[in-house]
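A.B. asks: Here you go, sequence then predicted model.
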Amino acid sequence: MLSNLSKRWRHAVQMMRQAAGTVYDAMRMTWTELHNRVTLMRESRTLEWNRAAAKRTEEHVNRILLERQRQQFVSGRRAAASSLTTEESMLLRHIRNSVRMANRNNVTRTAAYGRIYKSYPELHWAFLAHMVSRNGGWNMTDLQGEWLPRIMSANHRLWAYRLLERSNALIFHDAYPQLLLYAASRREGKSLFHLLPTLDISAFMTPFWESFWVQPNSSLLTTALIVNEQNVIEGRVVQHPDYREHVINKWDFRLHGWMQMNQVIFPLGVPSLKEHEAVPLVGLTLEDFSDVNERIFFGRKLYALLFHTPEIYGGALRYMRAVPHTGSRSDYWPHIFTKKAAVPEHVRLPSAHRAYSPSLTDVWQDEPYTPIEPGDWFIDDRMLKHMQPTRPPLHIDMTLPHDRLWKETASLAGFIQPS
């Protein structure tokens, strides 16, 4: 039997080797992807961006901003609520009830996004949100999986889950009513976006939905939703003193960024245990979660990645349709991860042992729904700088980096807590 000190040295050597390999692979991938850039550009589908419609919408947004500054917005919202018809009141109750039922946990939210995208594929944001929400669920279950319990304290893992869950729930609470209101408008054959203020949606979004109804432009609407949703969580989560104290300012949360653990991946295809081969992954790594501008730019790049290249879009769509979301990483890499509980330490592990990645509902109970802080983030025009088309990112292949991430995480866990 090896002593704990010997085990730590062994894991330290493994980490150094893996780090050297990561640097080498990064250099090799850079040269390869630069060489393939021309091919990528040929195959890419340019996202449509109607500059005239974008300009008109931006002018509308600025008019709303001026009205807010004259304190007309609040009175306008009250007037809208007091002049509802019976049918509109019933619709709003139905939307609120649907949101409440689907906002139970990450699994139900992810499924809801997928359903609405299948019905209305022009709502690009719904597909993007579905894929990003899957990643949110995987991050939540990692906190109770094979390695992170040996790296992070139980209290910090609980607070990290609360941060992920609150962000996930707030975005859904804000965005899903907008998607349902669009679906209702389609059914009725008329715009119902005058009801957005009664659903407590930011004034920022009304011009974009009205523009989308008259002249559909999925890229413009998706970018606006990305800007809006990141601002929705900025004050309520990212800048909230409790989350900053217990999560964001902690060294082990920053470690996620240093280790490139904030990866958002899109599996391309349907996994098969029989083949024991990794489904290809594409994606990006978020460096600084605490910076709202970086999160928005990151979301825009993810959107360009998902919708620019038909091969990537098609592979991700096949995956969405074929694989129900459970929160376990075995959803995409069953050759490495398993939903089965970890083997006890006294049991000798077989060579084919896979890492424990549980289903979300097996390890996290539904969080009580706490009241949402009131207020509209839209108080100035600083965020309009993000309203522009985004080029697809250059570095997108995440298959090897994702594999190395988990090998490095396993070595770190073994170094901190040998077993």
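C.D. replies: Cool, got the structure.
A.B. asks: All the helices of the stretch 201-350 of the chain, residue numbers only.
C.D. replies: Taking DSSP state H, counting those that start in this stretch to define them, one finds helices in the stretch 201-350 of the chain at 206-214, 218-233, 241-243, 251-258, 292-308, 310-322.
A.B. asks: What mean pLDDT does the last one get?
C.D. replies: If I follow you right, that is helix 310-322. Averaged across helix 310-322, the pLDDT comes to 96.
A.B. asks: Check which helices and strands it sits against.
C.D. replies: If contacts are counted by 3 or more Cβ pairs under 8 Å, 6 or more residues apart in numbering; DSSP states H and E, helix 310-322 sits against helix 124-142, strand 263-267, helix 292-308. Every C-beta, even on glycine, is put in place using the N, C-alpha and C of the backbone.
A.B. asks: Can I get the last one as CSV, trimmed to CA atoms?
C.D. replies: Extracted C-alpha coordinates of helix 292-308, given in CSV (Å, rounded to 0.1, in the frame of the first residue of the first chain):
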residue,chain,number,x,y,z
VAL,A,292,-21.0,41.0,-17.3
ASN,A,293,-19.5,42.3,-20.5
GLU,A,294,-17.4,39.1,-20.8
ARG,A,295,-20.4,37.0,-20.2
ILE,A,296,-22.4,38.8,-22.9
PHE,A,297,-19.6,38.5,-25.4
PHE,A,298,-19.2,34.9,-24.5
GLY,A,299,-22.9,34.3,-25.1
ARG,A,300,-22.7,36.0,-28.5
LYS,A,301,-19.7,33.9,-29.5
LEU,A,302,-21.6,30.7,-28.4
TYR,A,303,-24.5,31.8,-30.5
ALA,A,304,-22.3,32.4,-33.6
LEU,A,305,-20.6,29.0,-33.0
LEU,A,306,-23.9,27.1,-32.8
PHE,A,307,-25.6,28.7,-35.8
HIS,A,308,-22.8,29.7,-38.1
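A.B. asks: quick one: it to chain centroid distance?
C.D. replies: 10 Å (Cα atoms, centre = their mean, to the nearest Å).
A.B. asks: Strands of this protein, start to end?
C.D. replies: Here the chain has its strands, by DSSP state E, at 263-267, 281-285, 337-338, 355-356.
A.B. asks: tell me what the first one is packed against?
C.D. replies: By that I understand strand 263-267. helix 124-142, strand 281-285, helix 292-308, helix 310-322, helix 399-416.
A.B. asks: That strand pairs with which strands, and in what direction?
C.D. replies: Strand 263-267 has the following strand partners under DSSP bridges: strand 281-285 (antiparallel).
A.B. asks: Need the contact partners of the strand it pairs with.
C.D. replies: The contact list for strand 281-285, computed with Cβ atoms under 8 Å, 6 or more residues apart in numbering, reads 260, 262-268, 298, 301-302, 305, 312, 332, 393, 395-399, 401-402.
A.B. asks: Buried only: go through the residues you listed for me.
C.D. replies: 260, 262-268, 298, 301-302, 305, 312, 332, 393, 396, 398-399, 401-402 (16 or more other Cβ atoms under 10 Å).
A.B. asks: what stretches of the stretch 251-400 of the chain score poorly on pLDDT?
C.D. replies: Counting by pLDDT under 70, the stretch 251-400 of the chain has low-confidence residues at 252, 254-261, 273, 275-276, 342-353.
A.B. asks: if we can go back for a sec, turn the helices and strands packed on helix 310-322 into TSV, columns for distance to Thr57.
C.D. replies: Output for the helices and strands packed on helix 310-322, formatted as TSV (distance: least, Cβ to Cβ, whole Å):
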stretch	distance to Thr57
helix 124-142	16
strand 263-267	28
helix 292-308	17
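A.B. asks: Let me know which of these is the nearest to Val323.
C.D. replies: Nearest to Val323, of all the helices and strands packed on helix 310-322, is strand 263-267, at 7.8 Å by Cβ to Cβ.
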